[in-house]
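> with the sequence up front, the predicted model follows.
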Amino acid sequence: MTQRHAPGTTAAERGAVYSPTARRLHWITAAAVAVMVPLGLAMAYRGNVLDIWDGVTDALYSTHKLTGFLLLWLSAGRLVYRLVHGAPPDEPTLEWWQKAGSHLVHWLLYGLLLAVPLLGWIGVSLFPALTLFNLFDLPALTAPDEAAAKRVLFVHGALAILLALLACGHIAAALLHYFIRKDGVLRRMLPGVN
């Protein structure tokens with residue numbers, strides 16, 4: 001597939017990709033979000049709509065809570081890595097508004113990747129529902145308050161949907177660049193690219 005490049009760009013600028021560590025963190029995060037959103041919808045439907053509270057529902061909630069807890073720390077580590085190591089220069093074929101939009105979406109995704117699991121953790125602390133797989137508990141972040149838990153978990157769910165929509169837009173833009181524009185935007189984050 002032929003790639004377009006802006007006139008006057010150097011080979012180094014055309015070949016600028018994210019570091020292997022940044023790419024691994026990106027794809028692990030993407031996989032976690034791809035699991036978390038449908039898992040959250042399934043567990044909420046099973047528990048809250050169908051009102052089925054059994055071992056399967058408990059396992060769904062426990063898996064969601066544990067994965068969310070791990071995603072929070074992964075996202076925090078990923079943000080620290082990004083702030084310390086930076087990112088490669090923008091794809092040179094992008095217009096200024098595409099660069100601005102890309103940066104905005106990336107920082108919104110970082111913010112939501114931190115806010116959504118943190119709100120989930122606060123929500124289960126307020127409820128309280130901190131037990132995972134009947135084996136151990138997450139640390140409580142606050143004293144129980146079931147009414148506040150419902151409000152926090154509502155915001156958690158709404159922001160999770162926003163995160164999923166932004167992620168879908170992010171994916172659509174990457175595929176547009178790869179298949180239509182044929183530039184190097186997606187290549188920057190592909191595994192195994194040097």
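Yes, it's here. Keep in mind that this is a model prediction, so the values were computed, not measured.

> next up, the contacts around Phe127.
Contact partners of Phe127, counting by Cβ atoms under 8 Å, 6 or more residues apart in numbering, are Pro144, Glu146, Ala149, Leu153. Placement of C-beta: from N, CA and C, glycine included.

> rerun that using 10 Å as the cut-off
When contacts are counted by Cβ atoms under 10 Å, 6 or more residues apart in numbering, Phe127 touches Pro144, Asp145, Glu146, Ala148, Ala149, Lys150, Val152, Leu153.

> from those, which land in helices?
Those of the contacts of Phe127 mapping onto helices are Glu146, Ala148, Ala149, Lys150, Val152, Leu153, per DSSP state H.

> just the buried residues from those, in PyMOL please.
A single PyMOL command selects the buried members of these (16 or more other Cβ atoms under 10 Å):
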select buried, resi 148+149+152+153
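
> ok, of the ones in helices among the contacts of Phe127, which one's closest to Tyr81?
For the ones in helices among the contacts of Phe127, the minimum distance to Tyr81 (Cβ to Cβ) is 28.4 Å, reached by Val152.

> gap between the one helix or strand Thr29 maps to and the chain center?
Secondary structure assigned from DSSP states H and E places Thr29 in helix 20-44. Remark: helix 20-44 is offset 6 Å from the chain centroid, using Cα atoms, centre = their mean, to the nearest Å.

> and the helix or strand just after it, which residues are buried?
Downstream of helix 20-44, the next assigned helix or strand under DSSP H and E is helix 55-85. Buried residues in helix 55-85, counting neighbours by 16+ other Cβ under 10 Å, are found at 57-58, 60-65, 67-69, 71-72, 74-75, 78-79, 82.

> which elements pack onto helix 55-85?
Counting contacts by 3 or more Cβ pairs under 10 Å, 6 or more residues apart in numbering; DSSP states H and E, helix 55-85 packs against helix 20-44, helix 96-126, strand 131-132.

> now that helix: how far from the chain's centre is it?
9 Å.

> got it, and stretch 46-59?
25 Å.

> quick one: contacts of that stretch?
Contacts for stretch 46-59 (Cβ under 10 Å, 6+ apart): Ala42, Met43, Ala44, Tyr45, Leu60, Tyr61, Ala129, Thr131, Leu132, Phe133, Asn134.

> give me the secondary structure label for the last one.
Yep, that's Asn134 we're talking about. coil (DSSP: H, G, I helix; E, B strand; the rest coil).

> surely it and Ser62 touch.
Yes - contact criterion Cβ atoms under 10 Å: Asn134 and Ser62 qualify, at 8.1 Å.
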